[in-house]
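Chemist: Build me a model from this:
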Amino acid sequence: MLEEAIRIAMTAVGASLLEGLLAADTGHHGQWIPCGPGHLAGFVSYRAKDIDTVLGPIRLERAYCHCRQCRAGVVPRDAELGVTGTSVSGGMSSMPPPVPRYPWATLPG
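Modeler: Take a look at the predicted model:
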């Protein structure tokens, strides 16, 4: 039981450190950035995003830009971190699903 409490506490510390490290770069690269199809997207504001990581959930403030021609948002930091269109980190998405504690309880019949 003590080992479990220590593991939980250390994981929370790791998530906090990861959040601080990643928050150091908001992804703001100037007032205008390329949107992709050859247009320019203008900086609008900073927006929060919750990301599930192996160490636990973290929250980041990232620069959000908008392209008027494409009518689409651009978040450079999401692309840098590989979380565009998702809230799950690469480490989490590559992990196998958790094994049930009692696998026989999930068997049909």
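
Chemist: how far does the longest strand seen in the chain sit from the chain's center?
Modeler: Secondary structure of the chain per DSSP state E: the longest strand is strand 40-53. From the chain centre to the centre of strand 40-53 is a distance of 11 Å (C-alpha atoms, centre = their mean, to the nearest Å).

Chemist: which outside residues touch the following helix or strand past that strand?
Modeler: Going down the chain from strand 40-53, the next helix or strand is strand 56-67, by DSSP states H and E. Strand 56-67 is contacted from outside by 11-12, 14-15, 18-19, 22-23, 26-29, 32-33, 35, 39-51, 72-78, using C-beta atoms under 8 Å, 6 or more residues apart in numbering. All C-beta atoms are positioned from the backbone trio N, CA, C, and that covers glycine.

Chemist: Of those, select the buried ones using a PyMOL command.
Modeler: Only the buried entries of these go into this PyMOL selection, using 16 or more other C-beta atoms under 10 Å:
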select buried, resi 15+18+19+22+26+27+33+35+41+43+49+51+74+75+76+77+78
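
Chemist: ok, back up a step: quick one: average confidence on the longest strand of the chain?
Modeler: For strand 40-53, the mean pLDDT works out to 96.

Chemist: Packing partners of it?
Modeler: strand 32-34, strand 56-67, strand 72-74, helix 90-93 (3 or more C-beta pairs under 8 Å, 6 or more residues apart in numbering; DSSP states H and E).

Chemist: go again using 6 Å as the cut-off
Modeler: strand 32-34, strand 56-67 (3 or more C-beta pairs under 6 Å, 6 or more residues apart in numbering; DSSP states H and E).
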